[in-house]
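1. what shape does this take:
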Amino acid sequence: MAAIKALKYQRWAILWTVIILVLCNIDLSSSGDNSFFFTGFDKLAHLGFFYVLTILLFYGKIKYQHNYSFRSLTIFKIIIISVLLGGGIELLQWKVFTYRSAEWWDFGCDMMGCFMGVFSYVLLHLSNYNEEKV
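-> Numbers count the residues shown, from 1 in each chain. Down below sits the predicted model:
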């Protein structure tokens, strides 16, 4: 029952995950004019998607526990979720949505976005912690 209650607080992260899955697996070649895309846009998109996902996962966790407590287990769980989602997207692109290319660089950018989100959380947590001590 506690897991279902925790999921209620992760509704934004779940919605964002669905958006990521759709956007990472649509066929862009059929959209015609792709002139607004630049070289490396795909990598930047992956980084941004996973940065926002990580922030939303932390946001849901903070709302669920009603405080900003720092736990290494929470960070580990969020990293695992990101690894599974990023790897799953690349597997889908490799085996199911073959019109998309599965690339290690995309997965690397997913993880970079995740670690940027973790770094943001830790940095903000530590600054909040240091303000409370003064």
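
2. who are the packing partners of the helix ranked longest in the chain?
-> Longest among the helix segments of the chain by residue count, using DSSP state H, is helix 104-133. Contacts defined by 3 or more C-beta pairs under 8 Å, 6 or more residues apart in numbering; DSSP states H and E place helix 104-133 against helix 41-65, helix 72-95. C-beta: built from backbone N, CA, C; applies to glycine.

3. now those helices in TSV, with mean neighbour count?
-> Shown next, in TSV, are the helices and strands packed on helix 104-133 (neighbours: other C-beta atoms under 10 Å):
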stretch	mean neighbour count
helix 41-65	19
helix 72-95	15
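
4. quick check: which of those is nearest to Ile26?
-> Ranking the helices and strands packed on helix 104-133 by proximity to Ile26 (C-beta to C-beta) places helix 72-95 first, at 10.9 Å.

5. for the closest one, packing partners?
-> Contacts defined by 3+ C-beta pairs under 8 Å, 6+ apart place helix 72-95 against helix 11-25, helix 41-65, helix 104-133.

6. switch to 6 Å and redo it
-> Under the contact definition 3 or more C-beta pairs under 6 Å, 6 or more residues apart in numbering; DSSP states H and E, helix 72-95 sits against helix 41-65, helix 104-133.

7. tilt between that helix and helix 104-133?
-> 160 degrees (axes from the mean of the first three to the mean of the last three C-alpha atoms, to 10 degrees).

8. quick one: Asp42 and Ser72, what's the gap?
-> 32 Å (C-beta to C-beta, to the nearest Å).

9. again but with Arg100, I slipped
-> Remark: distance between Arg100 and Ser72 (C-beta to C-beta) = 35 Å.

10. same thing with Phe50?
-> Separation of Phe50 from Ser72 (C-beta to C-beta): 20 Å.
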